[in-house]
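Colleague: quick one: sequence plus predicted model below, questions after.
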Amino acid sequence: MRKAFLQLHIAVFFAGFTAILGKLINLNEGILVAYRMLLSAVTLVIILFFRKQLIKISLKNVMILFGVGAIIALHWVTFYGSIKYSNVSVSVTCLSAIGFFTAFFEPVIIKRKIDVAEVWLGMMAIAGIYLIFDFYPEYETGIIFGILSAMFASLFPIFNKNLLKKFSAENVTLYEMTGGFLALCILVPFYLQFFPAKYFAPTFPDWIWLLLLAWICTVVSFILSLNSLKYISPFTANLTYNLEPVYSIVLAFLIFKENKFLGPGFYAGFTLILLAIVLQMKRVWSHRKLNKLPDN
């Protein structure tokens, strides 16, 4: 369990850089994510080929993995859309709604009773968002994108929980990145009709940030996160990912000076979000101690 939590928190730390990189990359969010998923898939194919770890998967499972990849693609497109139409602090704080959505989606998908405590912890995160942003009209599109991103982000860990019982984290990531890229090849042309791109080919600086985004913040981060899901529940993983805004906001303060635009409400909401995370961690450890479950 300790190893799983360590892997999860390292993954979240790397994920914290994705918002910063998304701000630095000037590509349209749809095109940005397509490049990210393509580079990640190609990297994984090369790694798994030389390790001789590429495996054949039935068509049924391929379609399931591709479907989850499409959800991940939608999460990233809306996430970077939130950044483009607001700022890093707004977009990453909206991700705190992940726990709220998971508290309802997970019971429906895996057919278990709704955990009232999870609902309340998710509501704490929602309250945190409300306190941080008393609705800035100029960020309306960015906030909508951010909430949609949180909804999509709450879904794929739930599906991945079962997939990881069958396949390695590396192969799951490969097929999902491939499926997400293929989905975007179909969806992006329609998306660009509503949110046009200024240009399509990455500039040299774009390539540098894209490679960091693909190799560190996607391949490494995803594999660590998926490995941790073997021992940690999707709700706990999603709630822990509320730390992603912590890292991103600190970096946004340092790099983009966004703290100049935030008032007392931000810090009050931020405290609520952190409290929700701490309380869930306490619940998990207390449950394991009560049932005398060993650490992994």
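Modeller: Okay, I see it. Numbers count the residues shown, from 1 in each chain.
Colleague: how far away is the residue lying closest to residue 124 once chain neighbours are set aside from residue 237?
Modeller: Nearest residue to residue 124 in three dimensions, chain neighbours excluded: residue 276, at 4.1 Å (Cβ to Cβ, 6 or more residues apart in numbering). All C-beta spots, glycine's among them, are computed from the backbone N, C-alpha and C. In this view, residue 276 and residue 237 are 14 Å apart by Cβ to Cβ, to the nearest Å.
Colleague: can you check residue 155 too?
Modeller: 12 Å.
Colleague: likewise residue 260?
Modeller: 33 Å.
Colleague: same question, residue 179
Modeller: Counting by Cβ to Cβ, the gap from residue 179 to residue 237 is 21 Å.
Colleague: and what of residue 182?
Modeller: Distance from residue 182 to residue 237, by Cβ to Cβ: 26 Å.
Colleague: of these two, which one has the most company?
Modeller: residue 237 (24 against 18; other Cβ atoms under 10 Å).
Colleague: the more buried one - nearest residue in space that isn't next to it in sequence?
Modeller: residue 157 is the one closest to residue 237 (Cβ to Cβ, 6+ apart), at 5.2 Å.
Colleague: any idea how many residues pack against the one you found?
Modeller: 26.
Colleague: the one 3 residues further on too?
Modeller: Around residue 160 sit 24 other residues, with neighbours defined as other Cβ under 10 Å.
Colleague: ok, it - contacts?
Modeller: By Cβ atoms under 8 Å, 6 or more residues apart in numbering, the contact set of residue 160 is 68, 172, 226, 229, 234.
Colleague: go on, residue 199?
Modeller: 26-27.
Colleague: helix/strand/coil for it?
Modeller: Of the three states, residue 199 takes coil under DSSP: H, G, I helix; E, B strand; the rest coil.
Colleague: and the pLDDT at it?
Modeller: Looking at residue 199, its pLDDT reads 92.
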